[in-house]
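J.: Sequence first, then the predicted structure:
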Amino acid sequence: MSEELGITVKRSEDFSRWYLEVVRKGGFIDQRSPIKGCDVITPWGYAVWEIMQREFDAMIKEKGVQNAYFPLFIPESLIKKEEEHFAGFKAEAVVATRAGDEEFSDPLVVRPTSEMIMYYMYKLWIRSYQDLPVKINQWNNIVRWDTKVTKPFIRSREFLWQEGHTAHATKDDAEKFLSGMIESYSKMYELFATEPLKLVRPKHDTFPGAGYTVVFDTLMQDGKVVQGPGSHFLGQKFSKAMDISFTDEQQKKQHVWQTCWGMTTRQIGMLIMHHGDDHGAVLPPAIAPVQVVIIPILFKGKEEPVLARAREAAKKIKARCFVDERSHSAGYKFSEWELKGVPLRIEIGPKDVEAGHVVAVRRDTGEKIIVKELSEIPKILDAVQKSMLEKSRAFLKDNVRDASTKEEAKKALLRGGFVRVQWCGSQDCDRAFKSETGGEIRGTALREEKPSGKCFCCSSVSKHVAYVAKAY
Ligand SMILES: [Zn+2]
């Protein structure tokens, strides 16, 4: 695994290369697998994912969601049943056509998402109102054979995610559940110390088959956005197509109301591009696999008291601690943990042992703090978490610009970030603007804003306040 430490390029010089170096050298992912776009998530990156899983899993279980596992393969004849849905994935679908010498009469699609296989089972399981609601989530892998250039975590052909799928007796119950889920994702973003823009996607850009879609768009430091978790209100689209129905209390047949929602390993890439600096990743304490790395500064003949103090500190501090006792130089270790984004570094040398304190260094600001009581450390971590979130909020606020005409929008877009416009709601305006500038309408604010005036593109009456940005 050894290669030259340190990032050789600044974010301002080449953001894309900077990112590739951070994810690789920081130990998050290795792209050198034999399959392009199917990357190896290395232990440090996977440890971040495990924390995200643990946190979110606890949240959904509190809402009565249960985990299950459904097959990786979906018969082509089944997935084609909901045409509009399949059309959205068809171009990226990987299809298995044989096993050994046997050709399949019905080829098997490797799941690009699990609606069809799950709802096939829901149809078997749901009979009466007493069987509802069904609230199932699965943690699995997904394959979408993207033909565009891949980017580790952000755009990969195989990725990990959770996909939750619920079925309810009433529209109201489904929508209430979905807004609770949007709240859970908001809580996840607090752990990410990241302020997203919560958007309702334009109708023409909703998840294939969905009634409406709410996404969290997050601004990266290069001014482009990365889409975060999506929460979809499916209505009765699938239940009517697949006849997922139940008899209600009056013995009347009804179709269920459905939601689905997912969050992926893309979030790891988002965190790095959102918070990172020229030395590497900067992880918010809440999701850092190691929150405090303790580095003993060793001098020949004086090792023992320093090591003893370091090990003792790791036991006493109420946080995820790691004592780095490897034989590398202290400088090497500093650089490596900086790359990985560990929020707090503690240095302990012979003089610190004598003075009865430790030196803590914040990853986000570089601030050095002399700490006498180890019980102060969790408070410092809280402060890091809080100030990273505040910084993220300010970054978003500073990067939403208003534009009332196409020319203004173009100019604003050149500066990166979101451009807020008045929009007639027509897909043609979105298309025209996108082909000219690369920026697209990402959606309208979840907390709806009142339209006024004319569409920025075609000058007809505005129906929405919309947000435009360039996206990954
Ligand atoms: Zn228009």
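T.: In hand now; what should we look at? Residues are numbered from 1 along each chain as shown.

J.: And the helices in the stretch 251-400 of the chain, which stretches?
T.: Per DSSP state H, counting those that start in this stretch, the stretch 251-400 of the chain carries helices over the ranges 266-275, 303-316, 330-340, 350-355, 377-398.

J.: next one: the stretch 1-150 of the chain
T.: Going by DSSP H, counting those that start in this stretch, the stretch 1-150 of the chain shows helices at 15-25, 43-62, 76-79, 83-87, 115-125.

J.: Look through the stretch 51-200 of the chain and state the residue closest to the ion.
T.: Val200 (17.8 Å; Cβ to the ion). Every C-beta, even on glycine, is put in place using the N, C-alpha and C of the backbone.

J.: how many other residues sit next to that residue?
T.: Using other Cβ atoms under 10 Å, the number of residues around Val200 comes to 21.

J.: Repeat that for Glu50.
T.: Neighbours of Glu50 (other Cβ under 10 Å): 13.

J.: Got phi/psi on the residue lying closest to it once chain neighbours are set aside?
T.: Once flanking residues are discounted, Glu50 sits nearest to Pro289: 7.6 Å by Cβ to Cβ, 6 or more residues apart in numbering. Taking degrees, to the nearest 10, you get phi -60, psi -40 for the backbone angles of Pro289.

J.: For Gln254, name its beta-bridge partners.
T.: Phe246 (DSSP bridges).

J.: Now do the contacts for it.
T.: By Cβ atoms under 8 Å, 6 or more residues apart in numbering, Gln254 lies in contact with Ala169, Ser245, Phe246, Thr247, Asp248.

J.: And the residue nearest to Met121 when sequence neighbours are not counted, what's its pLDDT?
T.: Leaving out its chain neighbours, the residue that sits closest to Met121 by Cβ to Cβ, 6+ apart is Phe70, at 7.0 Å. In this model, Phe70 is scored at 98, pLDDT.

J.: so Phe70 makes contact with Glu115?
T.: No - with contact defined as Cβ atoms under 8 Å, Phe70 does not count as touching Glu115 (10.3 Å).

J.: For these two, work out which one has more neighbours and name it.
T.: Glu115 (29 against 18).

J.: Thr259 is in contact with that one, correct?
T.: No - the criterion here is Cβ under 8 Å, and Glu115 misses it with Thr259 at 11.4 Å.

J.: what is in contact with those two at once?
T.: With Cβ under 8 Å, 6+ apart as the test, Glu115 and Thr259 both reach His165.

J.: Can you give me every residue that contacts the closest residue to Pro305 other than its chain neighbours?
T.: Nearest non-adjacent residue to Pro305, counting by Cβ to Cβ, 6+ apart: Val353, 5.1 Å away. Residues near Val353 by Cβ under 8 Å, 6+ apart: Pro305, Val306, Arg309.

J.: what separates Val353 from Cys458, distance-wise?
T.: Distance check for Val353 against Cys458: by Cβ to Cβ, to the nearest Å, it reads 71 Å.

J.: gap between the helix or strand of the chain with the lowest mean pLDDT and the chain center?
T.: Lowest mean confidence among the helices and strands of the chain (mean pLDDT, DSSP states H and E): helix 83-87, at a mean of 84. Taking the mean of its C-alpha atoms, helix 83-87 sits 25 Å from the chain's own mean (Cα atoms, centre = their mean, to the nearest Å).

J.: Please apply the same query to stretch 225-238.
T.: On Cα atoms, centre = their mean, the centre of stretch 225-238 falls 14 Å from that of its chain.

J.: Quick check: mean pLDDT of it?
T.: 95.

J.: ok so, going back, show me which of the contacts of Gln254 are buried.
T.: Ala169, Ser245, Phe246 (16 or more other Cβ atoms under 10 Å).

J.: Can you tell me which of those residues is nearest Glu62?
T.: Ala169 (21.4 Å; Cβ to Cβ).

J.: ok, and the closest non-adjacent residue to the closest one?
T.: Nearest to Ala169 is Leu132, by Cβ to Cβ, 6+ apart, at 4.6 Å.

J.: Can you report how many residues lie near the one you found?
T.: 20.

J.: so it makes contact with His168?
T.: Yes - taking Cβ under 8 Å as the definition, Leu132 is a contact partner of His168 at 6.0 Å.

J.: anything in contact with each of those two?
T.: Val256.

J.: what secondary structure does Gly443 sit in?
T.: Counting by DSSP: H, G, I helix; E, B strand; the rest coil, the backbone at Gly443 sits in strand.

J.: Tell me the bridge partners for it.
T.: Counting by DSSP bridges, the residues bridging with Gly443 are Tyr467.

J.: Quick check: pLDDT value at it.
T.: 95.

J.: residues near it, how many?
T.: 24.

J.: Also the one 10 residues further on?
T.: Using other Cβ under 10 Å, Gly453 has 11 other residues around it.

J.: Lys463 versus that one, what's the distance?
T.: For Gly453 relative to Lys463 (Cβ to Cβ), the value is 11 Å.

J.: so who does the closest residue to Gly425 other than its chain neighbours touch?
T.: Computed as Cβ to Cβ, 6+ apart, the closest residue to Gly425 that is not its neighbour in sequence is Lys463, at 4.4 Å. With contact set as Cβ under 8 Å, 6+ apart, Lys463 has these partners: Trp423, Cys424, Gly425, Pro451.

J.: Quote the end-to-end distance of stretch 229-244.
T.: Length of stretch 229-244, first residue to last, Cα to Cα, to the nearest Å: 26 Å.

J.: Same question for stretch 350-359.
T.: For stretch 350-359, the end-to-end distance is 12 Å (Cα to Cα).

J.: tell me the average confidence for that stretch?
T.: Computed over stretch 350-359, the average pLDDT equals 96.

J.: Now do the buried residues in it.
T.: Pro350, Asp352, Val353, His357, Val358, Val359.

J.: what do you get for stretch 158-169?
T.: So stretch 158-169, judged by 16+ other Cβ under 10 Å, has buried residues Glu158, Phe159, Leu160, Trp161, Gln162, Glu163, Gly164, His165, Thr166, Ala167, His168, Ala169.

J.: Can you tell me how far the closest residue to the first one other than its chain neighbours is from the ion?
T.: Just to be clear, that refers to Glu158. Leaving out its chain neighbours, the residue that sits closest to Glu158 by Cβ to Cβ, 6+ apart is Cys38, at 4.6 Å. According to Cβ to the ion, to the nearest Å, Cys38 and the ion sit 40 Å apart.
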